[in-house]
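J.: Okay, here's the prediction I keep looking at, along with the sequence it came from:
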Amino acid sequence: MTPGGKILLGGSVVGAVFAGLMFARPLLPVAGNDSSAAEPASLQVSEGDLRPAFSLQGIDGLTHSVSEWDGKVLAINFWATWCAPCRKEIPEFIALQKEYGDAGLQFVGIAIDDVEKVSAYAAEFGINYPLLVGDDDAISAGFAYGNDIGALPFTAIVDRAGRIVLRKQGVLSHQQALATIKKLL
């Protein structure tokens, strides 16, 4: 705490902003389509709903729209290089992408992080799927997919028709990922 009474957070500015957003929002359960819920409409996405649209910059410097992967089984993973549970899942996602990519699976990582850090991490660990990076816009995409508490990691799996079939706040186990993906391929 500073002499002026301000609390200083360690880590990156993006991490501090994300942490602030997480705690500034009320903690809500993962919501269904209960119209009586007192939450923004963008958070009322549930399993079975069509996936929300978004566009974000990739580590390749190009802007990518989620519609680029229409017709594929899409696993969208929100993560950060500074998030230990996120780093734990990534090797599993790399393996699943390698094994099932030709069958129509597409992982997409959305990093709430710095593009240089994400690029370096991707190169070091051989991430074999597209990585998009953003600050507020990436956080908003997570909220649109139902990540109502701003948790990292957060994964949504979307079927070939564009319907959300699974949302997972926290680490997605290999068994749960594989069982869900195999049913959709």
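T.: Done, it's in. Small disclaimer: the values here were computed from a predicted structure and weren't measured. Numbering: from 1, shown residues only.

J.: Next, count neighbours for residue 47.
T.: Neighbour count for residue 47, taken as other Cβ atoms under 10 Å: 14. The C-beta positions use only the backbone N, C-alpha and C, and glycine is treated the same way.

J.: Please disregard the earlier target; I meant residue 48.
T.: Around residue 48 there are 11 residues (other Cβ under 10 Å).

J.: Which strand residues bridge the residue nearest to it when sequence neighbours are not counted?
T.: Nearest residue to residue 48, sequence neighbours excluded (Cβ to Cβ, 6 or more residues apart in numbering): residue 163, at 5.9 Å. Taking DSSP bridges, one obtains residue 50 as the residues bridged to residue 163.

J.: hang on, isn't residue 163 packed against residue 50?
T.: Yes: using Cβ atoms under 8 Å, residue 163 is in contact with residue 50, at 6.1 Å.

J.: Comparing those two, which residue is more hemmed in?
T.: residue 163 (14 against 11).

J.: residues in contact with the more buried one?
T.: 48, 49, 50, 51 (Cβ atoms under 8 Å, 6 or more residues apart in numbering).

J.: longest helix of this protein?
T.: What stands out as the longest helix in the chain, according to DSSP state H, is helix 84-100.

J.: hmm, who's touching that helix?
T.: Contacts with helix 84-100, where a contact means Cβ under 8 Å, 6+ apart, come from 73, 75, 77, 79-81, 105-107, 109, 125-129, 152-153, 155, 170-172, 174, 177-178, 181, 185.

J.: List only those of these flagged as buried.
T.: 73, 75, 77, 79-81, 105-107, 109, 127, 129, 152-153, 155, 172, 177-178, 181 (16 or more other Cβ atoms under 10 Å).

J.: returning to that earlier point: now, which of the contacts of helix 84-100 lie within helices?
T.: Mapping those onto helices (DSSP H) picks out 125, 174, 177, 178, 181.

J.: pLDDT and distance to residue 93 added to those, as a markdown table?
T.: Below are the ones in helices among the contacts of helix 84-100 laid out as a markdown table (pLDDT from 0 to 100; distance: Cβ to Cβ, whole Å):
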| residue | pLDDT | distance to residue 93 |
| --- | --- | --- |
| 125 | 96 | 10 |
| 174 | 94 | 9 |
| 177 | 97 | 8 |
| 178 | 96 | 11 |
| 181 | 97 | 11 |
